[in-house]
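sequence unavailable; structure follows:
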RNA sequence: GCCCAGAUGGCGGAAUUGGUAGACGCGCUAGACUCAAAAUCUUGUUUUCGAAAGGGAGUGCAGGUUCGAUUCCUGUUCUGGGCACCA
């Protein structure tokens, strides 16, 4: 009987379904284990082979843990709200709910095809009202809470209200606006609106104003990745910054807790480092500068208060509110012009810009100590959201300030002394200050203390901790998201009561934006009549707490029963990509902490251990052609395919920078080249080794895609080369790219599974390389894994003789192979080294085939061993071995030391670190004996050339090195 | 620009704690079986010199530490991810 994977996998799946083997109970005597994949967004393109990489890894681990005796929670669901569905709706008129439903059905099918052990009865979808009811409920928890800085935890806003009535806010400085100060008497004089406005400055979920990418032509707000070079991706309309009312989460209040929490979780150092850098805690001082001849002053934050006497100019963010007030009359036009330029720039562009730009406001600040007049500039390199949106520039101590000063010929004060060369700033802190009045001769550390003391005395500044992290924007002017459970009345946001939840997302037929930058909900009369909030929540709302819902997915009384969250606790292993390092992971950590603070759950970190998965990339193939190609927008670093004109849409990149020429037409700059690369769409399977495309394959591909690339066909027809065998071919350029529909290089797992089966697919994905690095998919390599599974099968079944498993006792050699393999698979699985585990399976099968082993004593354990990796085949063989029940519930085999212990070692013998020969010694041999034998060895003698060795290095069980 | 990661044969990769670089697989090579094909099995396969024995070089690049470095350190190049409204 041969390995008929189609039949085997169909039967196995049927059995699992009928016996409901993956149902998970919240009541069990076994220890619990919670392993979770990052929430997928069900995109219209379906799954490609890159998506399931992490899912296969977690599935293997979940099955492994179950076989090891754990009660394993391994759920799956869908992050179903999001921009792409809405975008698709705008383009096609199909309702997002319908397309999302369709996409989820497809994902379901594709996931089941791979044979995952999800308990689908626990599936959650963020767009179900039974789910987003609780997203709204948690939002209200945040809305009705503030962060008590003394306790370092969230607390009900109602208790804050009581405090205000008793003593004002003197023990609770306002996080939203530190200048707000009042006592109980003043508090009681405030109107309700005034009181609510103040409370809003405390709430963990609050309403404020923020800048968005505004596209006037489309009448809508755009996501960053919908903006390309300052133009909308759709239509190429100008995009500017615009201030709109926005909801925020006050995640900054949790900054310290989020930092400290990193010490308690098992994330990679790189991941922790990224989060630390994102939070960006820095200590320094906040200093007030008065503006000359005006009533205004502004604060700057600096990490180097010691450099206060090196200040040569000030820089405000161009959007700083003071700019309009202090700009001198003669500078008005220049400043306005510069601000217009900056408005068209994205934050990313502003940070990445190497070219120095800026503009003098005509105003001067007064140095707080020397009273020197310091010119106030604006420049795009200062961002409004960072610190106070203003900096004091010290050219001798900061390189960016130095370049700015040089560029605009601003005189530089040297406070560093000899260390400053005049060529570049000196930013180290190992010097003593000069030209610095009362801190002359001090080190920066000493000076900082003194400066801060003096500032405190004079009430012009204080020591300050600053965070780079900003409060999280939590609203979108979009339709397809969770409605906010908020009603507006006279400018006051009133939360809905719990009994009014869920506030259902109304059905609409048009998805266009509302008036004045509002979301589509503003177009619905019944919605606006109810005075509901017209913004919706962002994509990360539902995904910030979904891991809790899986624990108790059908609960209608609460988001998850306390007994369930107390049982499952944290996610033990969370698998996903590093692209979520600072977004999703920080938000869900914050939500967890808030829910913990408010007493709803018993743990304050959601994920105990995080495992990162790499991306599966794809090979894309390009033909170099001398076909005329033209592009509207071209930068050498960033050729942008979405901007290419119609006649050259297949062009991906110009061959080389030098060959690109430009001309002006219709007021635009066009770029063209006679040497460019054309993308060959979906041609992967026709390319042979050496990246050669043979003519007959090209024609096959063309016959499948008759409309494609006729120009290219003509071009190639003139340019085929001929090899020695007379075959015509063309050399292709290959590039490793992200697998994506737009790059025409996607591979659908369904196709692979139809051809080789799910078990082959699972093992091949794991075999490709380490889980956490990105690696290219190459369908050609899958044959080897498929051959391995057939060979595995042949240990049990012979093509002509059928079942060949015998009850003979196993030999020592066979047992050694088995136990060595069990040990290695166990170790590799535990450390998520699945590629080496697959290798070990291959080695074991090769060795057992060599030994001609068909013994139950070995093969029974071997089936259990491979179950997490190839569950379908294992299920079939398990049944053939005569076991009742499913192999997924079987125990994992155990290895014994006596079968894996070695007694001797073939040592490499090196002379001066270079291996020259090998000698075998017992592991317990005495070092002196070994040295003697080594020195007597013929090869060693030869390399010694009669000299006496200086010393002999002997590392037991590793190697021997003779130093001459 | 800033933060994080990676770079090893023709290709994917292995080397778990500083100790035999290239396990395992793909591809390629030669052969066996077969009327033939598929499937399967066997051989070789880092590179260079050499008929062979045996030597030299070799883990992006340049240095360093060490008896010994793919592994640690310094610098550097390139590639990938993230940079706050994609999810």
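Arrived safely. Predicted model, so just to flag it, every value in this text is computed and none were measured. Residues are numbered from 1 along each chain as shown, chains lettered A, B, ... in the order given.

for the rest of this, base every contact and every neighbour count on C-alpha atoms.
Fine.

which non-adjacent residue is nearest the closest residue to RNA strand B within chain A?
Nearest residue of chain A to RNA strand B: residue A:223, at 2.7 Å (CA to the nearest atom of the strand). The shortest distance from residue A:223 to any non-neighbouring residue, by CA to CA, 6 or more residues apart in numbering, is to residue A:213 (7.0 Å).

how about residues contacting whichever helix or strand the one you found is part of?
For residue A:213, the element it lies in under DSSP states H and E is strand A:205-215. The contact list for strand A:205-215 (CA atoms under 8 Å, 6 or more residues apart in numbering) reads A:139, A:142-145, A:200, A:220-224, A:232, A:237-250, A:517.

for the residue nearest to residue A:223, which residues make a bridge with it?
Beta-bridge partners recorded for residue A:213 (DSSP bridges): residue A:222, residue A:241.

re earlier: report whether the strand holding residue A:213 contacts RNA strand B.
Yes. Residues of strand A:205-215 contacting RNA strand B under CA under 7 Å from any atom of the strand: A:212, A:213.

report the distance from that strand to the chain centre.
When distances are taken as CA atoms, centre = their mean, to the nearest Å, strand A:205-215 is centred 24 Å away from the chain's centroid.

rewinding a little: list only buried entries from the contacts of strand A:205-215.
If you count burial by 16 or more other CA atoms under 10 Å, the buried members of the contacts of strand A:205-215 come out as A:139, A:142-145, A:200, A:220-222, A:232, A:237-241, A:244-250, A:517.

go through those residues and flag which are in strands.
A:145, A:220-222, A:232, A:240-241, A:244-249 (DSSP state E).

pLDDT check: weakest of the residues you listed?
pLDDT across those is lowest for residue A:232, at 80.

and it, what are its bridge partners?
residue A:227.

any idea how far residue A:833 is from it?
44 Å (CA to CA, to the nearest Å).

cool, and residue A:383?
Where residue A:833 is concerned, residue A:383 sits at a distance of 43 Å (CA to CA).

what of residue A:202?
For residue A:202, the distance to residue A:833 - CA to CA - is 47 Å.

okay, these two: which has more neighbours?
residue A:202 (26 against 19; other CA atoms under 10 Å).

ok, for the more buried one, nearest residue in space, not its chain neighbours?
In space, residue A:202 is closest to residue A:146, 5.4 Å off (CA to CA, 6+ apart).

could you do residue A:415 as well?
Closest to residue A:415 by CA to CA, 6+ apart is residue A:434, at 4.7 Å.

doesn't residue A:413 make contact with that neighbour?
No. Using CA atoms under 8 Å as the test, residue A:434 is too far from residue A:413 to be in contact (9.9 Å).

the two: which has the busier surroundings?
Regarding residue A:434 and residue A:413, a neighbour count based on other CA under 10 Å identifies residue A:434 as having more, with 21 against 17.

and the more buried one, backbone torsions?
Backbone dihedrals for residue A:434, given as degrees, to the nearest 10, come out at phi -130, psi 170.

go on, residue A:566?
phi -70, psi -30.

what sits against it?
A:601, A:602.

read off the pLDDT value for it.
Predicted confidence (pLDDT) for residue A:566: 96.

what of residue A:326?
Looking at residue A:326, its pLDDT is 92.

who's in contact with it?
Residue A:326 neighbours (CA under 8 Å, 6+ apart): A:291, A:294, A:296, A:361, A:362, A:363.

helix/strand/coil for the closest residue to the last one other than its chain neighbours?
In this structure, residue A:363 finds its nearest non-sequential neighbour in residue A:376, 5.6 Å apart by CA to CA, 6+ apart. Three-state call for residue A:376 (DSSP: H, G, I helix; E, B strand; the rest coil): strand.

mind listing the residues bridging to residue A:376?
With DSSP bridges as the rule, residue A:376 is bridged to residue A:314.

test my guess that it contacts residue A:366.
No. Taking CA under 8 Å as the definition, residue A:376 is not a contact partner of residue A:366, at 9.9 Å.

neighbour count winner among those two?
residue A:376 (26 against 19).

so who does the more buried one touch?
Residue A:376 is in contact with A:313, A:314, A:315, A:316, A:360, A:361, A:362, A:363, A:364, A:365, counting by CA under 8 Å, 6+ apart.

would you turn these into JSON lines with pLDDT, neighbour count and distance to RNA strand B?
Compiled in JSON lines, these are given as follows (pLDDT from 0 to 100; neighbours: other CA atoms under 10 Å; distance: CA to the nearest atom of the strand, whole Å):
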{"residue": "A:313", "pLDDT": "94", "neighbour count": "25", "distance to RNA strand B": "20"}
{"residue": "A:314", "pLDDT": "95", "neighbour count": "23", "distance to RNA strand B": "19"}
{"residue": "A:315", "pLDDT": "94", "neighbour count": "25", "distance to RNA strand B": "17"}
{"residue": "A:316", "pLDDT": "93", "neighbour count": "27", "distance to RNA strand B": "18"}
{"residue": "A:360", "pLDDT": "94", "neighbour count": "21", "distance to RNA strand B": "22"}
{"residue": "A:361", "pLDDT": "94", "neighbour count": "24", "distance to RNA strand B": "24"}
{"residue": "A:362", "pLDDT": "93", "neighbour count": "16", "distance to RNA strand B": "27"}
{"residue": "A:363", "pLDDT": "94", "neighbour count": "22", "distance to RNA strand B": "27"}
{"residue": "A:364", "pLDDT": "95", "neighbour count": "24", "distance to RNA strand B": "27"}
{"residue": "A:365", "pLDDT": "95", "neighbour count": "23", "distance to RNA strand B": "27"}
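
now do the contacts for the residue nearest to residue A:202.
Counting by CA under 8 Å, 6+ apart, residue A:146 makes contact with A:154, A:155, A:156, A:157, A:160, A:202, A:203, A:204.

quick one, grab the pLDDT at it.
At residue A:146, pLDDT is 97.

for the stretch 851-964 of chain A, what lies in contact range of RNA strand B?
For the stretch 851-964 of chain A, the contact set with RNA strand B under CA under 7 Å from any atom of the strand comprises A:906-908, A:912-916, A:918, A:953, A:955, A:958-961, A:963.

narrow those to those in helices?
When those are checked against helices using DSSP state H, none is located there.

flag every buried residue along stretch A:12-27.
Neighbour-count burial for stretch A:12-27, with 16+ other CA under 10 Å as criterion, is recorded at A:12, A:13, A:16, A:21, A:22, A:23, A:24, A:26.

got the residues you listed as a markdown table, with secondary structure and distance to RNA strand B columns?
Below are those laid out as a markdown table (DSSP: H, G, I helix; E, B strand; the rest coil; distance: CA to the nearest atom of the strand, whole Å):
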| residue | secondary structure | distance to RNA strand B |
| --- | --- | --- |
| A:12 | helix | 23 |
| A:13 | helix | 25 |
| A:16 | helix | 29 |
| A:21 | coil | 29 |
| A:22 | coil | 26 |
| A:23 | coil | 26 |
| A:24 | coil | 26 |
| A:26 | coil | 28 |
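
max pairwise distance over those residues: which two?
Greatest spatial distance in the buried residues of stretch A:12-27: A:12 and A:26, 25.8 Å, computed using CA to CA.

for the nearest residue to residue A:561 once chain neighbours are set aside, give its distance to residue A:559.
Nearest residue to residue A:561 in three dimensions, chain neighbours excluded: residue A:552, at 6.5 Å (CA to CA, 6+ apart). Distance, residue A:552 to residue A:559, using CA to CA: 8 Å.

okay, the two: which has more neighbours?
A side-by-side neighbour count of residue A:552 and residue A:559, using other CA under 10 Å, places residue A:559 first with 25 against 20.

leaving out the residues flanking it, which one is nearest to that one?
Nearest residue to residue A:559, sequence neighbours excluded (CA to CA, 6+ apart): residue A:134, at 5.5 Å.

tell me the helices and strands packed up against the helix or strand hosting the one you found.
Residue A:134 is part of helix A:129-143 when elements are defined by DSSP H and E. Applying 3 or more CA pairs under 8 Å, 6 or more residues apart in numbering; DSSP states H and E, one finds that helix A:129-143 makes contact with strand A:205-215, helix A:540-543.

no further queries at this time; thank you.
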